[in-house]
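Undergrad: give me the fold of what follows.
(one chain, ligands or ions: 1)
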Amino acid sequence: MSDRLLAVLPDDLRPQAAQRLAAAEPVLRPLLAGLYGERADFDAWLGNLMESLGALYSARPPELRALDAQRAAQPEWFLSQRMLGYCAYVQNFGGDLNGVAARIPYLRELGVSYLHLLPFLRPRAGENDGGFAVSSFDEVDPALGSNADLDALTTQLRAAGVSLCSDFILNHVADDHAWAQAAKAGDAEARAMFHVFPDRDIPDRHERTLGQVFPQVAPGNFTHVEALGGWVWTTFYPYQWDLNYANPAVFAEMAAAMLRLANRGIEVFRLDSTAFLWKREGTNSMNQPEAHQLLQALRAIVDIVAPGVLLKAEAIVPTRELPAYLGSAQAPECHIAYHSSLMAAGWVALAEQGTGVLREVIRNTPALPAAATWLSYVRCHDDIGWNVLRAEASADGGDSAARLARVARFFGGAEGSYAIGAAFQSTDPNAAHGSNGMAASLTGLQSASTDEERALALRRMLLLHGLALSFGALPVLYMGDELAMENDYSYLQRPQHAMDSRWLQRPVFDQQRWKHRYDVSTVPGMMHQALARLVRIRRRHDALAANAPRTLLADAPDGMLALARGDRFLTLMNFSGQPQSYALQGGWRDCVAEQAVGGTLVLEPYAMYWLERE
Ligand code: OTU
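TA: Reported below is the predicted structural model:
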């Protein structure tokens, strides 16, 4: 099968391609045979796939091939403590792609080396889930720029040492994508790209064991479409049609679409909703073995055609299901995976003023294969999903649902809470689904009316960011958090967004706050400067690299988290509103205050220390 790939390459690329094929083909072929080998036309299909990969290989621009070579020589490049991510919506951060390019100096000043721009490809007309309903993978959203603008942006970012990460929404397409249009017009091949059922029989059987992502605004997992004369699988909104990966044509088309984007200079793909790629009756159709085989096959393809590219799994699933998305040494899968349990557990620790759940998550976080890491974060464009913590929240023998519901109520602004947020998609006011809100609002900055309250809220903001920065992961900041931006209520005035409170955390970049970023007499200035300082300190300590060892120290009181990184670096974090003490062994240096410390250290409410051994 490799012949078909090599045949379409120019002579000078063949030896390198043959080498990569020798490494990846023994992995790729059995994976694809396992998924599609039963089909009579499997060999012919595989040959065509290889030929299409060959064409994409030939089309890869020389500067990106150079990047591939550089990264192949240094496969752990993204594990460095000098890596820092930033995530933003194009329209909110820069207006359009050119506006984002204009903000590159700001990103560099902050130490950002990785920029995740939320969906910027042509979305569905009308409501489109913030761009997560894509109608063309080959066109930039005209409201945000042109394909030429994207090419210019990737070139500028690369020159500045910033890798561009793009969403690759591979679980579904919009109901006005060409395949969906053709299916509606009666094209049988296009219809086979989706899961379509003539009646409710099979959908009802699946529904018995399926969960619901948006139970309030998009209940159920199937949508009736008149033009299809039946029901189509729609895990998310009714206009997001799940692709049928049991059909090899879907896999081949999507792999090619991803590589075409890679050839435009996108260096990292955030593989959206990876948990849902394969359906199986009698299960919740999440995390199925075939979903992992599909991802491993995509990885093998990337390793052949564009080995400088990274794959990032977005799978919002319980902690025990997460490591599989990074694969193993024998079968690598994604390079990076969101650690949503760690993120959510940091928030639980604040709400409970105790680190029980957080410690349990850390204990459940295994060591990873080489050249793979977690993505750590405080907030993102989605809700904080509490259900991923079910196991950890009942590790003490208690009722996890009640416990997480209490946390959700806390961030919804229950009596006595400093948080101002909103519960997301809960059909039952006593259950926990998710919580929305900007970090500053959830940590108490929005409700603070005194300097003291503001100082405590800022400490909470820094505490959660300190955890993300020191855990041993690729940390990604969420646009606006570095300036302590608060909830944005304008979505309530937009009918197409009003029912989805995730828009609370999708504000437009605040130019005024940005202007004050150096002024430590202002809240944005205090946040920005304190965060920038942590980022600078982190860069100096290779003990904070993603793959440097991490040990959870058991001798800290429950209100605190003590994490050793190697034997020379220690982070102490007080998640409670009470002072906590911790007895240090030996002499340490406080990296933030730049002074020696030793003996018993008292941590003020929500205080954090980053210590290096003297
Ligand atoms: C992803 O998220 C995206 O991040 C969301 O913004 C999209 O709406 C969604 O996919 C559809 O494209 O389950 O594992 O609970 O965490 O929707 C993926 C809300 C997901 C998100 C959930 C989600």
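Undergrad: please list all residues in contact with the closest residue to the ligand within the stretch 501-614 of the chain.
TA: Closest residue of the stretch 501-614 of the chain to the ligand, CB to the nearest ligand atom: residue 502 (6.9 Å). To be clear about C-beta, it is placed using only N, CA and C from the backbone, and glycine gets the same treatment. Residue 502 makes contact with 130, 381, 382, 383, 424, 436, according to CB atoms under 8 Å, 6 or more residues apart in numbering.
Undergrad: what's the neighbour count on the second one?
TA: The reference is to residue 381. 21 (other CB atoms under 10 Å).
Undergrad: and it, what does it touch?
TA: 87, 89, 118, 130, 478, 502, 505, 506.
Undergrad: residue contacts, the residue lying closest to the third one once chain neighbours are set aside?
TA: What it means is residue 118. Excluding the flanking residues, the one nearest residue 118 by CB to CB, 6 or more residues apart in numbering is residue 89, at 4.6 Å. By CB under 8 Å, 6+ apart, the residues touching residue 89 are 117, 118, 130, 131, 381, 479, 506.
Undergrad: do you know the pLDDT at residue 430?
TA: In this model, residue 430 is scored at 60, pLDDT.
Undergrad: ok, residue 111 next?
TA: Each residue has a pLDDT score; the one for residue 111 is 98.
Undergrad: disregarding residues adjacent in the polypeptide, which is nearest to it?
TA: Closest to residue 111 by CB to CB, 6+ apart is residue 535, at 4.6 Å.
Undergrad: from the contacts of residue 502, which are also near the ligand?
TA: By CB under 6 Å from any ligand atom, the members of the contacts of residue 502 lying near the ligand are 130, 381, 382, 383.
Undergrad: so the first one touches residue 120, yeah?
TA: Put plainly, it is residue 130. No - applying CB atoms under 8 Å, one finds residue 130 not in contact with residue 120, separated by 10.9 Å.
Undergrad: in terms of neighbours, single out the busier of the two.
TA: Neighbour count, other CB under 10 Å: between residue 130 and residue 120, residue 120 has more, with 24 against 19.
Undergrad: hang on, the earlier thing: closest one to residue 286 out of the ones next to the ligand among the contacts of residue 502, please.
TA: residue 382 (16.2 Å; CB to CB).
Undergrad: the closest one: neighbouring residues, count only.
TA: Residue 382 has 18 neighbouring residues, counting by other CB under 10 Å.
Undergrad: which ones are touching it?
TA: 316, 434, 502.
Undergrad: looks like the second one contacts residue 379 (just checking).
TA: No - counting by CB under 8 Å, residue 434 stays clear of residue 379, with 12.0 Å between them.
Undergrad: comparing these two, which residue is more hemmed in?
TA: A direct count of neighbours by other CB under 10 Å for residue 434 and residue 379 places residue 379 higher, at 26 against 23.
Undergrad: what's the burial count for the closest residue to the ligand within the stretch 1-150 of the chain?
TA: Nearest residue of the stretch 1-150 of the chain to the ligand: residue 132, at 3.5 Å (CB to the nearest ligand atom). Other residues near residue 132 come to 22 when the count uses other CB under 10 Å.
Undergrad: what of residue 294?
TA: Residues near residue 294, counting by other CB under 10 Å, number 25.
Undergrad: ok, now which ones touch it?
TA: Contacts of residue 294 by CB under 8 Å, 6+ apart are 35, 245, 251, 277, 278.
Undergrad: what does the stretch 201-350 of the chain put close to the ligand?
TA: Checking the stretch 201-350 of the chain against the ligand by CB under 6 Å from any ligand atom, the hits are 213, 236, 272, 273, 275, 314, 315, 316.
Undergrad: how far is the lengthiest helix in the chain from where the chain is centred?
TA: For the chain, the longest helix by residue count, based on DSSP state H, is helix 14-36. Here the centre of helix 14-36 is set off from its chain's centre by 28 Å, with CA atoms, centre = their mean, to the nearest Å.
Undergrad: wasn't residue 139 part of a strand?
TA: Yes - under DSSP: H, G, I helix; E, B strand; the rest coil, residue 139 sits within a strand.
Undergrad: which non-adjacent residue is nearest it?
TA: residue 122 (4.3 Å).
Undergrad: surely that neighbour and residue 144 touch.
TA: No - in this structure, residue 122 is not within contact of residue 144 by CB under 8 Å, at 9.4 Å.
Undergrad: more neighbours: the two, which one.
TA: residue 144 (25 against 22).
Undergrad: got the contact list for that one?
TA: 90, 91, 96, 97, 120.
Undergrad: pretty sure it sits in a strand.
TA: No - according to three-state DSSP, residue 144 belongs to no strand; its state is coil.
Undergrad: quick one: it from residue 457, how far?
TA: Distance, residue 144 to residue 457, using CB to CB, to the nearest Å: 34 Å.
Undergrad: go on, residue 405?
TA: 24 Å.
Undergrad: repeat that for residue 332.
TA: 41 Å.
Undergrad: out of these two, which sits in the busier spot?
TA: Between residue 332 and residue 457, counting by other CB under 10 Å, residue 457 is the more crowded of the two (26 against 22).
Undergrad: buried set for the host helix or strand of that one?
TA: Element membership for residue 457, per DSSP states H and E: helix 451-470. Under the neighbour-count criterion of 16 or more other CB atoms under 10 Å, helix 451-470 has 454, 456-470 buried.
Undergrad: can you check stretch 533-549 too?
TA: So, applying 16+ other CB under 10 Å, buried residues of stretch 533-549: 534, 535, 537, 538, 541, 543, 544, 545, 546, 547, 548.
Undergrad: same check, this time on stretch 480-489
TA: Those would be 480, 481, 482, 483, 484, 485, 486, 487, 488, for stretch 480-489 by 16+ other CB under 10 Å.
Undergrad: show me where the stretch 151-300 of the chain has its helices.
TA: Using DSSP state H, counting those that start in this stretch, the helices assigned to the stretch 151-300 of the chain run over residues 178-184, 188-191, 201-207, 248-262, 289-305.
Undergrad: got the CA positions of the third one in PDB?
TA: Extracted C-alpha coordinates of helix 201-207, given in PDB (Å, rounded to 0.1, in the frame of the first residue of the first chain):
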ATOM      1  CA  ASP A 201     -36.600   2.000  16.500                       C
ATOM      2  CA  ILE A 202     -32.800   2.100  16.700                       C
ATOM      3  CA  PRO A 203     -32.600   5.700  18.100                       C
ATOM      4  CA  ASP A 204     -34.900   4.600  21.000                       C
ATOM      5  CA  ARG A 205     -32.700   1.600  21.700                       C
ATOM      6  CA  HIS A 206     -29.600   3.800  21.800                       C
ATOM      7  CA  GLU A 207     -31.300   6.500  23.900                       C
END
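Undergrad: need the contact partners of it.
TA: Contacts of helix 201-207 (CB under 8 Å, 6+ apart): 197, 220, 221, 222, 231, 233, 279, 281, 285.
Undergrad: rerun at 7 Å
TA: 197, 220, 221, 222, 231, 281, 285 (CB atoms under 7 Å, 6 or more residues apart in numbering).
Undergrad: pull out the buried members of the residues you listed.
TA: Here, 16+ other CB under 10 Å leaves 197, 220, 221, 222, 231, 285 buried among the contacts of helix 201-207.
Undergrad: mind checking how far the third one is from the ligand?
TA: Distance check for residue 221 against the ligand: by CB to the nearest ligand atom, to the nearest Å, it reads 12 Å.
Undergrad: surely that residue and residue 233 touch.
TA: Yes - assessed by CB atoms under 7 Å, residue 221 is found in contact with residue 233 at 6.3 Å.
Undergrad: for residue 123, give the beta-bridge partners.
TA: Following DSSP bridges, residue 123 is listed with bridge partners residue 134.
Undergrad: contacts only, for it.
TA: Applying CB under 7 Å, 6+ apart, the residues near residue 123 are 131, 133, 134, 135, 141, 174.
Undergrad: let's go with 8 Å and repeat that
TA: Here residue 123 is in contact with 131, 132, 133, 134, 135, 141, 174 (CB under 8 Å, 6+ apart).
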